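Undergrad: Need the 3D shape of this:
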Amino acid sequence: MKKLSIKEKMNQIELPSWMEKTWVVLKKIGRVLAGIGKWIFHLRGFFMAIPVVLAALTLATRNMARLPEEVGINLLANGQYEYLVSRGLAVLAPLVVTGVCLIMMLLSRRTIYPWIISIFSLILPWVIYITNVFPA
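TA: Have a look, this model is predicted:
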């Protein structure tokens, strides 16, 4: 006796006409959903990048308005900063770091690792702001 596969067993079952029509409609819906899922998977980098880009731009505009004209970096023990940079550079540098991470994400086959790094790069604007408004 030949062992039948599931597909062959399904073909032997006779369904009522309404159930066959429903089955055909469900198969078509499944194909459409599979196609949508395929496109979402291929464009996952862009979908993951949208919130990071929005957050980075929001933080950059806030820092551009709130930071002093000269921004100190690397606070020393005596209360002075080791380096003084312009506000524009202090705002642009974290944006560049986030942008590089997002470009790596879009070029990489594994998008999650550079995406996580780009999320952590959003901490930079906060650190720059906190160290300049509340030194020591």
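
Undergrad: gap between Lys21 and Gly37?
TA: The gap separating Lys21 from Gly37 is 25 Å, by Cβ to Cβ, to the nearest Å. Heads up, the C-betas are built off the backbone N, CA and C, glycines and all.

Undergrad: what do you get for Trp115?
TA: Here the distance between Trp115 and Gly37 works out to 19 Å (Cβ to Cβ).

Undergrad: With Leu75 instead?
TA: 49 Å.

Undergrad: So which of these two has more stuff around it?
TA: Taking neighbours as other Cβ atoms under 10 Å, Leu75 and Gly37 compare with Leu75 leading, 14 against 10.

Undergrad: residues near Pro94, how many?
TA: If we define neighbours as other Cβ under 10 Å, then Pro94 has 21 of them.

Undergrad: again, but for Ser108
TA: Neighbour tally, Ser108, other Cβ under 10 Å: 13.

Undergrad: any idea of the pLDDT on it?
TA: We have a pLDDT of 81 for Ser108.

Undergrad: What about it? Give its phi and psi, please.
TA: phi -90, psi 150 (degrees, to the nearest 10).

Undergrad: what number of residues lie near the closest residue to it other than its chain neighbours?
TA: Leaving aside its chain neighbours, Ser108 sits nearest to Pro114 (5.7 Å; criterion: Cβ to Cβ, 6 or more residues apart in numbering). Using other Cβ under 10 Å, Pro114 has 22 other residues around it.

Undergrad: What is the burial count for Met48?
TA: Neighbours around Met48, by other Cβ under 10 Å: 19.

Undergrad: which element is it on?
TA: helix 44-66 (DSSP states H and E).

Undergrad: Please enumerate residues in contact with that helix?
TA: Taking contacts as Cβ atoms under 8 Å, 6 or more residues apart in numbering, the residues outside helix 44-66 that touch it are 40, 87-88, 90-92, 94-95, 98-99, 102, 105-106, 111, 115, 118-119, 121-122, 125-126, 128-129, 133.
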